[in-house]
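Peer 1: need a structure here:
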Amino acid sequence: MDDPAAASGELVQAGLCYRAFVPARLPPVFEIDASLQARIAAAEDALRELAARVARAADPDAFVEARLRREATASARLDEGDDVAPTVADTIERTTRDGIERLQRLPLSLRLLCELHAGLMRDRPGAGGEFRRHQTWVGPPGSAPATADYVPAPPGKLPELLDDWQRYLHADDGAHDLVRLAILDAQLRHLQPFAQAGGCLGRIWISLYLIDRGWLPAPVLLLSEVMARDPSVADMRLRGIREAGDWSGWIAGFVEVLTAAARQD
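Peer 2: Coordinates of the predicted model:
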């Protein structure tokens, strides 16, 4: 298509007074120029350095435990504020451990994503481990779909879009692991397949992906601390995809976050 924004997806009439964004099938079309390639290489180096730090630690298990707890605590605060109960961090930590254990018998998949979500929701009201069956939206308190900042795809569109997401997850197309992860993360953020706990789930998923692909030996990436510095940046870059088809900008920002998170002391 001549219009890069149109190639990223379309706005469809989802209700009487509002439209929802339905992303296009993956993979998107974008260019990896020298600048983006350098950012990807920097993320590779940072992840390898972090893996080496685990191996060099005087007590690798203690190193992993400390990083996992720190990430779980920061993740809880990122989603729910500084007054969040410690039990929320406990649940995130436990769900991450369960996810690593499940990787021994389950591939990265929609099924694993649902199991992780069920773990995050075990102590909360609401449907855990089930894809949403109603329309959701993003906006300030009191907003409605017609006034929301963003409205994801209607629930009836989710099955085919999630099947496409899983197909791309396992596609044998030569894409770089980190580029594929950036695209999968953006698509998951666009789809918002669960009504609650999507942000935390996405961060756990990123760590599991990097472990499964051999980039990290354990959940030691401090993503939430980096993302908390300016939570609006991700939304701005997602808007760049929807409005201008700027996938290169999203991928560049994503690998920069990976680099910073891996280099957190």
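Peer 1: what packs against the lengthiest helix in the chain?
Peer 2: In the chain, with assignment by DSSP state H, the single longest helix is helix 34-56. Under the contact criterion of 3 or more Cβ pairs under 8 Å, 6 or more residues apart in numbering; DSSP states H and E, helix 34-56 touches helix 60-80, helix 177-191, helix 247-262. To be clear about C-beta, it is placed using only N, CA and C from the backbone, and glycine gets the same treatment.
Peer 1: What residues sit buried inside stretch 93-106?
Peer 2: Residues of stretch 93-106 classed as buried by neighbour count (16 or more other Cβ atoms under 10 Å): 93, 95, 96, 99, 100, 102.
Peer 1: and if you look at stretch 27-34?
Peer 2: Buried-residue list, stretch 27-34, by 16+ other Cβ under 10 Å: 27, 28, 30.
Peer 1: can you list these in TSV and add secondary structure and distance to residue 14?
Peer 2: Shown next, in TSV, are the buried residues of stretch 27-34 (DSSP: H, G, I helix; E, B strand; the rest coil; distance: Cβ to Cβ, whole Å):
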residue	secondary structure	distance to residue 14
27	coil	25
28	coil	22
30	coil	27
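Peer 1: Turn the helices and strands packed on helix 34-56 into CSV, columns for mean neighbour count and distance to residue 160.
Peer 2: Below are these laid out as CSV (neighbours: other Cβ atoms under 10 Å; distance: least, Cβ to Cβ, whole Å):
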stretch, mean neighbour count, distance to residue 160
helix 60-80, 18, 28
helix 177-191, 21, 11
helix 247-262, 22, 21
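Peer 1: okay, those in CSV with mean pLDDT next?
Peer 2: Below are the helices and strands packed on helix 34-56 laid out as CSV (pLDDT from 0 to 100):
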stretch, mean pLDDT
helix 60-80, 97
helix 177-191, 98
helix 247-262, 98
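Peer 1: any chance of those in JSON lines, with distance to residue 212 too?
Peer 2: Formatted as JSON lines, those follow (distance: least, Cβ to Cβ, whole Å):
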{"stretch": "helix 60-80", "distance to residue 212": "16"}
{"stretch": "helix 177-191", "distance to residue 212": "10"}
{"stretch": "helix 247-262", "distance to residue 212": "15"}
